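A.B. asks: Here is my input; please provide its structure:
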Amino acid sequence: MKKTVFFVLMILVLMVSSCNLFLKEEYGELILSFDGTLPDGARALGPDGLPILSTTSMKINIIREDGYTVIRELDAEEPKSLVELIPVGEKIEISVTAYNASSQWSGKTVHTVTSGQNHVRVLLNKNVSGLKNLLFTQTKTTDPYGSDSYNLTFYMSGKEINAPQSQLQHNFGRDSKGRLYISVKNGDPYIYRYMSEGVYDTNKQLASDADFLANDYTTGKMYGLSGSAISKIEENLSLTSLPAPLPSVSAPFAVDNGIFTWASIGLSVIHLWKAGIAPPGVHGSFSAQATEYKLGTNDGFAIKDIFIRNGYVYLLLAAVRDKDPRGLYSLGAVLKWKIGTNPASGYPQFEGTPVVLGKSAGSPVIENGVLKNYDYSKSFYGAVKVIGFDEENIYIADDGFDAAYVDDYPRIVKNRNRIAALNITTNALSFSDERTAKWYNEWKEWAGTKTIVWDYSGSSYYQVETGAENPLPAAFATGLTDVFCYDAAGNLYVAKEMPAKEVHRFELKDDGSYGSGVNKSISVMPDAMAVSVSSIAADAGKTILFYYKAPSGSPYTHKIERLAWPTDSFTPSVPPPPAITLADLGQNDTVTALAANKDGIFAAVKTVTNKGSANEKYKLTVKKYAHTPLTGSSTTVSGTVTVVGETSANYDSSDRDKYINENLNALYIKDGILYGLITKQKGAATGMNSDSTEVFIGGKLVKIGEAGASFGSPAVTLYERTGFTPETSGRFAPYRFIAIKPKKLVIASKGYYGKLINNDNPLNPVTDKKTYKKVFVFDIGNWANPAETITQVGFSKDLYYSNGFYWY
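C.D. replies: Numbering: from 1, shown residues only. Purely as a prediction, here's the structure:
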């Protein structure tokens, strides 16, 4: 048995030896070693500025004569060595790329394979051949004294680098070794440097701020801009002035192979300069492109970055309008222009005409204050920073937002943080979402207002998240009534009666809360009010408060008073515009609620006939009135919706428990739809001495219809609780819309149930009284299952008994 095994082993040895002899005759061994892990390896990566191999991955391409490519990828933890068998006599091209967290270095050589071992040395260029995308987030905070501070975080292969806090916006860039430079102003100005692996290197105090940092990726030199003067940043981070004469340069600037470039958007020019050219150098005008593509300052555009690669200048542009309701958008573009050489002087000059990438020509189409049908799949939100490059692409931070007409107002609905890949050869653009970095700006996405709740006739107002807060936060306003409304922007208006008749305006802040109020005088204490812009061309740019007080006697003239001011400033005109007369209303009519938008003014009208008699009847309608110029006082009815048809009140002086009453308490327009809140009471509860012994209340949420031209369709009940039993009474008695939330209706409800148990002692009657205080939240379209929250506030009314129940 042992002899048999020995014989088999001898055969295997002979076979392997013969195979090796055969291979050595036909193949050569290609040996690549970059870290000395193979004997006699040719280490090609020196320590001076090149990456640390233990943290470096590597890609090796061996291209044979027939085009076949051998690709080997080595992870960071693997030995950086490789042995390949290649036919003798074949000419091969070897390209090597080393990667770390920040950058890539490339080298290439050609070799003809010989018999035996071929130790091939591939030298990597000490200047990077590409920079990995540098992800970052910069945030700004302002302290109570108005001082700004900036925080900057970088993300390099999962590693976070937190730059020192700065009083000014950070400037940063990477050099030809992939090292990161950050300019910081916190007291004294400093430059901080990090190695290409993300490890902190050193810092140095500067004589002045570095307004911008740029690197020459051809020569490997790093530069900084202070004011209008460019200096070279030495290895020890000291600054060396360039030889005079120098041009006056503005940030941002770029440099490649000694050619400097910067631009002026106001003049629509890009400058080129290198040593030897008399300042200010040469320039090219892109005014034709600025006009065609609307890239000027009047269009909101600013220069964000500039870059040179492969003989082309890339100018990055962005436009942001984040406050103007007439046009809310973010846009971007890249202007690309070829650098050539003047044959006479040898100096650089622009060749051909520039091209604009990532933006369509002309002004954007605005509808309802937002872009209409703009294709962001092919366009920038805002080209703000070159964050990386390789042999094929330049990578650009794309920073902006989506805006939409939501809740009757243009609003920012989503931040967009993308990476744009711009192909150097074809100019093709592709975009990918970035989940980690937020770039420079995060705009406040519209999440709605805080929920507003109040105590007893609005004397104290609170802003809450759900209404269930216990204890409640501190009141943000006191001494007000429960007559309030919102404008389309979300600002809150509340009427005040004492000591003077006023309306208080609370401006909506970015976090959805309200600041301190500003008050303006009004002529009457309103029963209802609404705020809107007008659709009258002569009144464009004006916001109008409409407020109504029921006439107290003959001649029963119904008027809607107005207060008007420029939309951007709560400064009403003096004297106020004339009131609007509602000539169609008479003695039996009362306006119980108002709403308004650009389509018109909507009034909830309660009509009561034969009041106090057995024939007492009521009807609830909503009338749409046309907007009237601020100089006029008459209006017309452009539509009417009957919400509750003529209904008997069951008036019986001998049995007040049969009495029926309904009220349309509030109107609200959301996304072009008009909604209303109705309560229905059984048992007289309108005042003292009502003689009722048992009282109930229920309610419903109704869709009155579209507010636009089609207004007039029948109202639809969306949610109802009749509440005419002791178990159900008061569980839904809607009174006010109390927040603006995307795709939601938020409603304050306070209801009751009351029963007289014993009246043997009229001075001390025994009653059963219950009240229910809730906040209801409806998801629009899902009306059957609202969220209900019990709240601690009292809202506006309570149930009392004095010779009958009354709700007051």
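A.B. asks: the strands in the stretch 551-700 of the chain, which residues?
C.D. replies: 559-566, 580-581, 589-597, 600-609, 617-625, 637-648, 660-670, 673-682, 694-706 (DSSP state E, counting those that start in this stretch).
A.B. asks: Check the model's average confidence along the second one for me.
C.D. replies: The reference is to strand 580-581. Here strand 580-581 scores 97 as its mean pLDDT.
A.B. asks: what comes into contact with it?
C.D. replies: By Cβ atoms under 8 Å, 6 or more residues apart in numbering, the surrounding residues in contact with strand 580-581 are 546, 557, 558, 559, 560, 562, 601, 625, 628, 633, 634, 635. Using the backbone N, CA and C atoms, a C-beta is placed for each residue, glycine as well.
A.B. asks: rerun that using 7 Å as the cut-off
C.D. replies: 557, 559, 560, 562, 628, 633, 634, 635 (Cβ atoms under 7 Å, 6 or more residues apart in numbering).
A.B. asks: now the fifth one
C.D. replies: Judged by Cβ under 7 Å, 6+ apart, the contacts made with strand 617-625 from elsewhere in the structure are 600-610, 635, 637-649, 662, 664, 676, 704, 711.
A.B. asks: any idea which of the contacts of strand 580-581 has the most stuff around it?
C.D. replies: residue 560 (26 neighbours; other Cβ atoms under 10 Å).
A.B. asks: how much space between that one and residue 689?
C.D. replies: According to Cβ to Cβ, to the nearest Å, residue 560 and residue 689 sit 34 Å apart.
A.B. asks: now residue 395
C.D. replies: Look at residue 395 and residue 689: by Cβ to Cβ, they are 80 Å apart.
A.B. asks: neighbour-wise, which of the two wins?
C.D. replies: A direct count of neighbours by other Cβ under 10 Å for residue 395 and residue 689 places residue 395 higher, at 21 against 11.
A.B. asks: wait, doesn't the more buried one sit right on residue 383?
C.D. replies: No. The criterion here is Cβ atoms under 7 Å, and residue 395 misses it with residue 383 at 11.1 Å.
A.B. asks: quick one: low-confidence parts of the stretch 351-500 of the chain?
C.D. replies: Within the stretch 351-500 of the chain, the stretches with pLDDT under 70 are 457-458.
A.B. asks: From the chain's centroid, how far away is stretch 296-306?
C.D. replies: The chain centroid and the centroid of stretch 296-306 are separated by 20 Å under Cα atoms, centre = their mean, to the nearest Å.
A.B. asks: just use 569 as the starting number from now, easier for me
C.D. replies: In the new count, where the first residue is 569, that last one comes out as stretch 864-874.
A.B. asks: Show the end-to-end separation of it, please.
C.D. replies: 17 Å (Cα to Cα, to the nearest Å).
A.B. asks: who's in contact with it?
C.D. replies: 820-822, 829-831, 833-834, 858, 863, 881-889, 951-954.
A.B. asks: Looking at those residues, which are in strands?
C.D. replies: Applying DSSP state E to the contacts of stretch 864-874, the entries found in strands are 821-822, 829-831, 881-889, 951-954.
A.B. asks: nearest to residue 936, of the strands of the stretch 1119-1268 of the chain?
C.D. replies: Shortest distance between residue 936 and the strands of the stretch 1119-1268 of the chain, using Cβ to Cβ, is found for strand 1157-1165: 11.4 Å.
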